[in-house]
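Colleague: Need a 3D model of the following:
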Amino acid sequence: MISPTELRKNIYKILDQVLETGQPVEIKRRGRVLRIVPAEPVDKFQRLVSRPEIIQGDPEDLVHLVWEVDLDLP
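Modeller: Alright, predicted model coming up:
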């Protein structure tokens, strides 16, 4: 939560932060809370981090693999 004075000092930085993160900013003035939020909700899928080390699929497919063939084991 920030004060109106802090908002006034950093208005453009705070607005850019709200637009980039989608996280609202709360301002407390005279005992009441105001909230700055983006007009459109941020798509959760756009914020997902790529994780190439994760395998997507059915775990049952791993049970029936023949590992010796894939690893060239005798």
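
Colleague: What pLDDT does the model give the residue nearest the centre of the chain?
Modeller: The residue lying closest to the centre of the chain (Cα atoms, centre = their mean) is residue 47, at 4.4 Å. For residue 47, the model assigns a pLDDT of 83.

Colleague: how near is it to residue 2?
Modeller: Using Cβ to Cβ, to the nearest Å, one gets 23 Å for the distance from residue 47 to residue 2. Yep, even glycine has a C-beta here, placed from its N, CA and C like the rest.

Colleague: So which residues of this protein form helices?
Modeller: Taking DSSP state H, the helices of the chain run over residues 4-9, 11-21, 59-63, 67-71.

Colleague: Now tabulate those helices in CSV and tack on mean pLDDT and distance to residue 33.
Modeller: Shown next, in CSV, are the helices of the chain (pLDDT from 0 to 100; distance: least, Cβ to Cβ, whole Å):
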stretch, mean pLDDT, distance to residue 33
helix 4-9, 96, 12
helix 11-21, 95, 15
helix 59-63, 81, 46
helix 67-71, 68, 58
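
Colleague: now these in a markdown table, with mean neighbour count?
Modeller: As requested, those are exported to a markdown table (neighbours: other Cβ atoms under 10 Å):
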| stretch | mean neighbour count |
| --- | --- |
| helix 4-9 | 12 |
| helix 11-21 | 12 |
| helix 59-63 | 8 |
| helix 67-71 | 8 |
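
Colleague: could you redo these as CSV and give each row distance to residue 41?
Modeller: As requested, these are exported to CSV (distance: least, Cβ to Cβ, whole Å):
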stretch, distance to residue 41
helix 4-9, 23
helix 11-21, 12
helix 59-63, 33
helix 67-71, 44
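
Colleague: got a list of what the closest residue in space to residue 17 that isn't next to it in sequence touches?
Modeller: Nearest residue to residue 17, sequence neighbours excluded (Cβ to Cβ, 6 or more residues apart in numbering): residue 25, at 7.1 Å. Taking Cβ atoms under 8 Å, 6 or more residues apart in numbering as the contact definition, residue 25 lies against 2, 7, 14, 17, 18, 35, 36.

Colleague: Which pair in the residues you listed has the greatest spatial separation?
Modeller: 17 and 35 (13.6 Å; Cβ to Cβ).
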